[in-house]
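**Q** Got a sequence here, can you model it:
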Amino acid sequence: MAFVDGTVVNVALPALQNAFGASIADVQWVVESYALMLAALLLVGGSLGDLLGRRKVYVFGIAVFAVASAGCGAARNIDMLIWLRSIQGVGAALLVPGSLALITASFPEETRGRAIGTWSGFTAMAAAVGPVIGGWLIEYSTWRWVFFLNLPLALAVILLAPKVPESRNENASHHLDWPGALLVTFGLGGVTYALIEWPTRARHGGHFVAVTAVLGVAALAGFVAVEYWSRMPMVSLALFRSRNFAGANLLTLFLYASLGGLMFFFPMDLIQIQHYTPTQAGAAFLPFVAIMFGLSRWAGGLVARFGSRIPLTVGPLVAACGIALFAVVPQGGSYWTTFFPAVVVMGMGMTISVAPLTTTVMDAVPESESGLASGINNAVSRLASLLAVAVFGAILVTAFNHSLDRALNQLALTPTVRGQVDVARPLLAAAHNPNPMVQRAIIESFVSGYHFVIWIATGLAALSAVTAWLLIEPGTRRSVAQLPTKGR
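**A** Residues are numbered from 1 along each chain as shown. Okay, here's the model as predicted:
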């Protein structure tokens with residue numbers, strides 16, 4: 001459910017724009033409200049499972065996710081959909097960490113690896129099949145079925161759950177870091193709000209947005225202070241004293257930001273500019289997932305052969321080359337000669353990167369801290385996508401408006417036509433104008449802004465390679481078993 005929802009909603013965004021007349025900021029919030037709650041509460045969800053019972057919290061998360069999904073499918077306006085998506089994110093924060101924790105608790109060590117491998121295989125298949133099924137539903141039925149699809153899956157899981165033995169961490173602290181959770185949620189929310197709303201509100205006075213940004217940054221600073229002084233922090237800052245752990249998470253932030261930004265805007269380009277059907281757009285990333293699925297076992301052995309630094313430098317560089325291809329392919333033409341090579345090259349780069357990255361994170365900390373380390377890295381990857389959609393969206397809107405103003409100034413437009421264009425600006429590529437010259441300017445302005453953010457994504461992927469080379473130490477393992485585990 002969680003992995004399908006994480007990939008299929010991007011394909012549904014153009015349909016949501018058409019259904020609700022939604023602006024680019026609106027559809028950003030459809031993605032960001034979910035990602036915000038998931039990134040901020042992921043570690044809290046894992047801690048609640050350890051304390052109250054992993055199966056209990058997992059099933060509760062499934063139920064919350066399902067109820068919110070039903071509400072999303074029945075949403076009457078974009079604001080209602082955004083709020084319900086945030087509730088979906090809360091449910092996901094409870095169920096995502098619980099899934100792997102239940103496997104770890106339920107299988108003995110000799111069969112645990114195969115169980116986790118099966119789990120990974122199903123998540124890969126879900127990520128691959130979800131957008132195709134979702135695209136087909138959007139094309140031949142309605143976008144609402146993208147969310148209703150979760151209901152039978154949730155029912156099946158809830159019916160199966162009693163067969164899973166309950167487990168909890170008997171040594172878990174009864175103290176949950178609620179101050180840290182609230183501060184990081186408000187902090188990320190404030191910064192995200194400012195980034196998404198600034199391009200449109202700045203034209204009419206952006207004082208409230210500026211104040212929100214300052215308060216968001218202050219809340220994030222407060223979160224760091226709370227985690228430093230807390231006796232039982234949600235994020236143990238001591239882990240970041242490990243050069244490998246800090247470097248791997250910084251690499252994760254850059255690499256997954258580049259991927260998250262691309263995955264948000266690529267379906268818009270395919271559907272609204274290239275005129276792909278939703279089904280075709282959903283299938284466009286199938287080669288990426290197939291490469292990840294087929295070669296992940298091979299990539300997992302790279303650290304043992306070459307150490308961490310080499311694959312974590314080469315992989316992001318290859319991914320950067322693949323992302324760059326998205327910016328240079330010609331508009332129009334066959335998928336196989338335009339986007340397919342870009343998807344394949346990027347898929348190879350991410351495959352080389354992901355398994356060694358996970359291994360590096362887990363090897364950088366003592367075994368007793370492996371669950372926390374994995375949770376932090378997962379949260380960082382979610383945070384990267386959250387920030388990427390907000391930042392890239394602000395950049396694309398700014399570039400779009402600048403390019404469109406320049407193009408419109410060269411046309412002899414009446415004030416009425418110019419007013420129509422200005423009203424439709426927030427729709428970006430979904431904007432339509434009966435004047436063919438104006439419509440061409442809208443399309444070219446979107447493509448110009450889209451290519452600009454793709455080049456930024458390319459730079460972030462390359463920066464992640466530089467981070468690996470500078471911060472990841474040579475060799476296959478580095479432990480920080482001697483590090484203290486408290487916040488200070």
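**Q** only C-alpha atoms for contact and neighbour calcs from this point on.
**A** Fine.
**Q** Contacts for the helix or strand Gly189 falls within next, please.
**A** Using DSSP states H and E, Gly189 sits within helix 178-201. Among residues not part of helix 178-201, those counted as contacts by Cα atoms under 8 Å, 6 or more residues apart in numbering are 25, 28, 32, 36-37, 40-41, 44, 206, 209-210, 212-220, 222-223, 226-227, 233-234, 386-387, 390-391, 393-394, 397-398, 426.
**Q** Tell me the buried residues within those.
**A** 25, 28, 32, 36-37, 40-41, 44, 206, 209-210, 212-220, 222-223, 226-227, 233-234, 386-387, 390-391, 393-394, 397-398, 426 (16 or more other Cα atoms under 10 Å).
**Q** re the thing from before, export the helix holding Gly189 as PDB, just CAs?
**A** Listed in PDB are the C-alpha atoms of helix 178-201, where the atom choice follows Å, rounded to 0.1, in the frame of the first residue of the first chain:
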ATOM      1  CA  TRP A 178       7.200  14.100  21.500                       C
ATOM      2  CA  PRO A 179       8.900  17.600  21.800                       C
ATOM      3  CA  GLY A 180      11.300  16.600  19.100                       C
ATOM      4  CA  ALA A 181       8.600  15.100  16.900                       C
ATOM      5  CA  LEU A 182       6.400  18.300  17.200                       C
ATOM      6  CA  LEU A 183       9.400  20.600  16.500                       C
ATOM      7  CA  VAL A 184      10.500  18.700  13.400                       C
ATOM      8  CA  THR A 185       7.000  18.600  12.100                       C
ATOM      9  CA  PHE A 186       6.300  22.300  12.600                       C
ATOM     10  CA  GLY A 187       9.800  23.100  11.300                       C
ATOM     11  CA  LEU A 188       9.600  21.100   8.100                       C
ATOM     12  CA  GLY A 189       6.000  22.300   7.600                       C
ATOM     13  CA  GLY A 190       6.900  25.900   7.900                       C
ATOM     14  CA  VAL A 191       9.900  25.600   5.500                       C
ATOM     15  CA  THR A 192       7.900  23.600   3.000                       C
ATOM     16  CA  TYR A 193       5.000  26.100   3.200                       C
ATOM     17  CA  ALA A 194       7.300  29.000   2.500                       C
ATOM     18  CA  LEU A 195       9.000  27.300  -0.400                       C
ATOM     19  CA  ILE A 196       5.700  26.200  -2.100                       C
ATOM     20  CA  GLU A 197       3.800  29.400  -1.500                       C
ATOM     21  CA  TRP A 198       6.500  32.000  -2.100                       C
ATOM     22  CA  PRO A 199       6.500  32.100  -5.900                       C
ATOM     23  CA  THR A 200       2.800  33.000  -6.000                       C
ATOM     24  CA  ARG A 201       2.400  35.100  -2.800                       C
END
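**Q** buried residues in that helix?
**A** Applying a neighbour-count criterion of 16+ other Cα under 10 Å, the buried positions in helix 178-201 are 179-181, 183-200.
**Q** residue ranges of the strands in the stretch 301-450 of the chain, please?
**A** In the stretch 301-450 of the chain, no segments count as strands under DSSP state E, counting those that start in this stretch.
**Q** center of the protein, which residue is that?
**A** A centroid search over the chain (Cα atoms, centre = their mean) returns Ser385, at 3.6 Å, as the residue closest to the centre.
**Q** Not counting residues beside it along the chain, what's closest to that residue?
**A** Leaving out its chain neighbours, the residue that sits closest to Ser385 by Cα to Cα, 6 or more residues apart in numbering is Gly260, at 4.6 Å.
**Q** Determine how far the helix or strand containing that neighbour lies from the middle of the whole chain.
**A** Secondary-structure assignment from DSSP H and E places Gly260 in helix 243-268. If you compare the mean C-alpha spot of helix 243-268 with that of the full chain, they lie 8 Å apart, counting by Cα atoms, centre = their mean, to the nearest Å.
**Q** Tell me where the model's unsure across the stretch 251-400 of the chain.
**A** For the stretch 251-400 of the chain, the stretches flagged by pLDDT under 70 are 367-368, 370-371.
**Q** Could I get the average pLDDT for stretch 465-475?
**A** Over the span of stretch 465-475, the pLDDT mean works out to 90.
**Q** can you check stretch 28-47 too?
**A** The average pLDDT within stretch 28-47 is 88.
**Q** what about dumping the CA coordinates of that stretch to PDB?
**A** As requested, C-alpha coordinates have been extracted for stretch 28-47 and formatted as PDB (Å, rounded to 0.1, in the frame of the first residue of the first chain):
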ATOM      1  CA  GLN A  28       2.700  20.000  -4.700                       C
ATOM      2  CA  TRP A  29       0.700  19.900  -1.400                       C
ATOM      3  CA  VAL A  30      -1.000  16.700  -2.500                       C
ATOM      4  CA  VAL A  31       2.500  15.100  -2.500                       C
ATOM      5  CA  GLU A  32       4.100  17.200   0.300                       C
ATOM      6  CA  SER A  33       1.400  16.800   2.900                       C
ATOM      7  CA  TYR A  34       1.900  13.000   2.800                       C
ATOM      8  CA  ALA A  35       5.700  13.200   2.600                       C
ATOM      9  CA  LEU A  36       5.800  15.700   5.500                       C
ATOM     10  CA  MET A  37       4.000  13.600   8.000                       C
ATOM     11  CA  LEU A  38       5.800  10.400   6.900                       C
ATOM     12  CA  ALA A  39       9.300  12.000   7.200                       C
ATOM     13  CA  ALA A  40       8.600  13.800  10.500                       C
ATOM     14  CA  LEU A  41       6.900  10.800  12.300                       C
ATOM     15  CA  LEU A  42       8.700   7.800  10.800                       C
ATOM     16  CA  LEU A  43      11.000   7.400  13.800                       C
ATOM     17  CA  VAL A  44       8.200   8.000  16.300                       C
ATOM     18  CA  GLY A  45       6.200   5.200  14.500                       C
ATOM     19  CA  GLY A  46       9.100   2.800  15.000                       C
ATOM     20  CA  SER A  47       9.400   3.800  18.700                       C
END
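**Q** how distant is it from the center of its chain?
**A** Centroid separation for stretch 28-47 versus its chain: 10 Å, with Cα atoms, centre = their mean.
**Q** can you give me the helices for the stretch 201-350 of the chain?
**A** For the stretch 201-350 of the chain, the helices identified by DSSP state H, counting those that start in this stretch occupy 207-229, 243-268, 278-283, 286-300, 302-306, 309-328, 339-363, in order along the chain.
**Q** With Pro152 as the reference, name the closest of those helices.
**A** Closest approach to Pro152 among the helices of the stretch 201-350 of the chain is made by helix 278-283 (21.5 Å; Cα to Cα).
**Q** This completes my enquiry, with thanks.
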